[in-house]
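Enquirer: This is the structure alone, sequence omitted:
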Ligand code: GLA
């Protein structure tokens with residue numbers, strides 16, 4: 001028998017034997033460190049008995065209280081927010097779900113899928129709860145399938161992807177909110193009786209104000225290296241909602257899913273309503289461990305091309321905005337070559353002829369090159385880039401339209417807008433109606449036509465600058481409450497087609513900065529643009545926030561002229577993620593240019609550690625006037641360490657920073673890299689220390705000088 005088959009057989013044997021406690025059916029969803037345990041009560045209903053650190057002995061499950069109903073329904077004896085609320089076609093608004101069966105299969109090494117089937121005993125409604133457990137990474141994914149065989153449609157009002165129950169003395173919710181250029185501000189709130197929601201109703205550019213992820217720390221505020229904390233995110237590129245509700249017994253329920261606001265769904269007989277996946281981890285060693293688990297899972301299972309390297313690039317957006325022509329761009333390509341980056345990325349402003357895209361007021365939707373600017377089309381640019389030995393990438397925003405465009409003039413019925421009201425524009429544009437399959441074809445065609453005409457295009461930056469306004473779909477007619485959902489499904493149809501036809505095409509997910517940053521979209525995109533704000537100090541905070549969920553490989557970070565900090569500071573910040581430049585290189589001093597070339601070289605050499613290593617957040621910019629973090633290779637033989645002094649007080653006394661994640665038994669050399677030519681490294685650069693010393697005593701990385709930065713390469717002595 002082949003090894004893989006043998007493994008599957010053993011795995012099936014291991015998981016197929018159901019557990020029983022006190023004659024109750026027990027269903028255990030387990031990772032290496034986490035258990036989520038369900039039991040079936042004597043009344044036949046399903047209860048969540050446990051969520052937390054893995055229990056050592058199955059026999060102890062019998063001692064667990066039955067717990068709270070797993071997927072609470074509306075209309076029965078519970079007084080709080082239900083996970084599901086339906087209206088049957090006879091007018092009855094209730095649902096009572098009973099356990100029918102469950103299966104558990106090891107679908108591949110490290111991955112176990114559990115499916116629990118529940119049914120109403122009076123109405124032919126089925127709810128299936130799905131759980132995928134990733135053992136090593138301690139990640140559990142959940143989603144729900146709802147279907148029925150009633151004669152007429154059933155209306156769904158609530159349809160959570162996940163309901164989790166927690167029981168602790170105190171709960172501290174961290175959310176990540178903000179707005180354009182001010183994304184993912186971390187704020188911690190103690191939860192007490194009642195509900196707190198984090199949600200969005202923007203339709204597209206859906207998380208401009210609130211990010212689709214959160215942390216809940218139990219008993220104490222979240223800590224980096226200690227304490228129980230749950231980190232969760234929803235894989236949905238549209239309206240989402242997390243509801244945190246503390247009841248009269250101080251027990252917490254967390255509902256996660258699509259935001260049901262304005263989205264009651266008429267479910268046809270036998271249609272399966274699939275909720276998006278909710279992904280979470282539970283750490284008993286603080287947020288640091290939880291983030292590292294998320295990163296490892298993302299690189300191995302979720303992020304597109306998580307196992308492949310990334311290209312460094314030079315983008316022309318902030319260097320030119322809309323003001324460029326062929327020669328100017330070719331000149332910038334030379335700067336890219338000189339800098340040593342892999343790619344030139346052409347941003348907005350290259351398309352439309354009737355209403356040329358000379359500003360963001362017009363042209364969106366007309367994806368033909370502006371003849372006045374690019375008389376030889378993108379073809380010439382692809383050719384020039386190729387001749388210069390670099391790749392060519394290009395910006396598109398295919399889901400959107402300016403009213404001043406030929407697309408709008410010819411296909412107003414493709415645009416989301418209320419037929420009888422004034423139009424409202426966000427950044428002078430409107431959203432195309434992706435619930436319409438014809439519009440899906442058109443949007444797919446934007447990529448497909450460009451790729452067919454110019455197969456040399458090596459990268460797309462896919463933007464999405466407007467939320468949905470004037471919400472009405474000319475296509476959906478009397479099913480307007482399906483629009484928010486169908487729009488996102490339509491987007492996924494398009495992205496599936498792009499991925500199927502161009503599986504190796506890397507793409508950046510951008511949404512007026514960080515308006516889209518969810519793990520479902522990252523199945524199709526190799527990275528996202530965390531913010532239009534590229535000020536070095538702001539980016540420290542922004543990258544810090546996102547790093548709780550996303551590996552650095554997923555975050556594009558460009559050096560621009562936005563911040564007024566030294567070039568070194570801004571570049572060192574960007575070099576913690578997927579490095580790029582968007583700046584007039586020739587306007588830098590000679591030493592700065594030399595320094596930037598050195599950073600690119602170092603980044604290319606160290607990218608396996610920076611983009612795939614384990615992240616240790618050492619000094620928080622939220623708690624100090626400094627920041628420090630490091631990446632450590634899985635083998636613990638290489639690390640890259642960053643330290644920043646932001647705006648310390650005059651003469652502030654700083655303490656050494658203790659490193660983390662190293663092998664205490666090993667010896668390591670420390671070398672400061674990314675130095676401006678002519679500047680001296682820190683005095684401990686070049687020395688050797690034991691991992692034990694570095695983690696117990698630490699290094700004097702910080703100072704009271706404003707806006708300074710240091711980067712160190714750490715190598716295990718062989
Ligand atoms: C958005 C993006 C920017 C840039 C502009 C172009 O704002 O976030 O990076 O591409 O669009 O219009």
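Expert: That came through fine. None of the values given here were measured: they were computed from a predicted structure.
Enquirer: Most proximal residue of this protein with respect to the ligand?
Expert: Scanning the chain for proximity to the ligand using C-beta to the nearest ligand atom identifies residue 348 as nearest, at 3.4 Å. (Glycine included, C-beta is placed from N, CA and C.)
Enquirer: ok, that residue - contacts?
Expert: With contacts defined as C-beta atoms under 8 Å, 6 or more residues apart in numbering, residue 348 is in contact with 317, 322, 357, 360, 395, 397, 463.
Enquirer: Was I right to think the second one contacts residue 357?
Expert: If I follow you right, that is residue 322. Yes: under the criterion of C-beta atoms under 8 Å, residue 322 lies in contact with residue 357, with a separation of 6.7 Å.
Enquirer: shared neighbours, the two?
Expert: The overlap between the contact sets of residue 322 and residue 357 (C-beta under 8 Å, 6+ apart) consists of 348, 349.
Enquirer: Helix or strand for residue 223, just tell me which one.
Expert: Taking DSSP states H and E as the definition, one finds residue 223 inside no helix or strand.
Enquirer: There's contact between it and residue 217 in this structure, I believe.
Expert: Yes: with the criterion set as C-beta under 8 Å, residue 223 and residue 217 qualify as a contacting pair; they are 7.5 Å apart.
Enquirer: more neighbours, these two?
Expert: Under the criterion of other C-beta atoms under 10 Å, the comparison of residue 223 against residue 217 puts residue 217 first, with 24 against 14.
Enquirer: if we can go back for a sec, tell me, which of the contacts of residue 348 make contact with the ligand?
Expert: Among those, the residues that sit close to the ligand (C-beta under 6 Å from any ligand atom) are 317, 360, 395, 463.
Enquirer: okay if I get those as CSV plus neighbour count?
Expert: Listed next are these as CSV, based on neighbours: other C-beta atoms under 10 Å:
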residue, neighbour count
317, 19
360, 17
395, 21
463, 25
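Enquirer: Just these: which are in helices?
Expert: Counted as lying in helices by DSSP state H, out of these, are residue 317.
Enquirer: from the ones next to the ligand among the contacts of residue 348, which is closest to residue 567?
Expert: Minimum distance to residue 567 across these is 17.9 Å, recorded for residue 317 (C-beta to C-beta).
Enquirer: Now do the contacts for the closest one.
Expert: 347, 348, 395, 582.
Enquirer: what residues does the chain put near the ligand?
Expert: When proximity is defined by C-beta under 6 Å from any ligand atom, the chain lies next to the ligand at 317, 347, 348, 360, 395, 463, 465, 510, 512, 513, 529, 532.
Enquirer: Can you give me the distance of the first one to residue 571?
Expert: Between residue 317 and residue 571 the distance, using C-beta to C-beta, to the nearest Å, works out to 17 Å.
Enquirer: same question, residue 565
Expert: 10 Å.
Enquirer: do the same with residue 149
Expert: With distances taken as C-beta to C-beta, residue 149 is found 61 Å from residue 571.
Enquirer: more crowded one of the two?
Expert: Neighbours of residue 149 and residue 571, each counted by other C-beta under 10 Å, are more numerous for residue 571; the result is 28 against 11.
Enquirer: Report the contact partners of that one.
Expert: Residues counted as contacts of residue 571 (C-beta under 8 Å, 6+ apart) are 559, 595, 596, 599, 674.
Enquirer: any idea how far stretch 503-512 is from the chain center?
Expert: The gap between where stretch 503-512 is centred and where its chain is centred comes out at 13 Å by C-alpha atoms, centre = their mean, to the nearest Å.
Enquirer: What's the end-to-end length of it?
Expert: In terms of C-alpha to C-alpha, to the nearest Å, the two terminal residues of stretch 503-512 are separated by 25 Å.
Enquirer: what does stretch 360-369 give?
Expert: End-to-end span of stretch 360-369 (C-alpha to C-alpha): 16 Å.
Enquirer: Residues contacting it, please?
Expert: Taking C-beta under 8 Å, 6+ apart as the rule, stretch 360-369 contacts 348, 350-357, 370, 377-378, 396-398, 400-402, 404-408, 427-429, 432, 446, 449-450, 465.
Enquirer: Buried ones only from the residues you listed, please, as a ChimeraX command.
Expert: The buried subset of the contacts of stretch 360-369, as determined by 16 or more other C-beta atoms under 10 Å, is captured in ChimeraX by this line:
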select :348,350,351,352,355,356,357,370,377,378,396,397,398,400,401,402,404,405,406,407,408,427,428,429,432,446,450,465
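Enquirer: Mark which of the contacts of stretch 360-369 are part of helices, please.
Expert: Within these, membership in helices is found for 377, 378, 406, 407, 408, 446, 449, 450, as judged by DSSP H.
Enquirer: any idea how far the second one is from residue 345?
Expert: Spelled out, it's residue 378. From residue 378 across to residue 345, the span is 12 Å (C-beta to C-beta).
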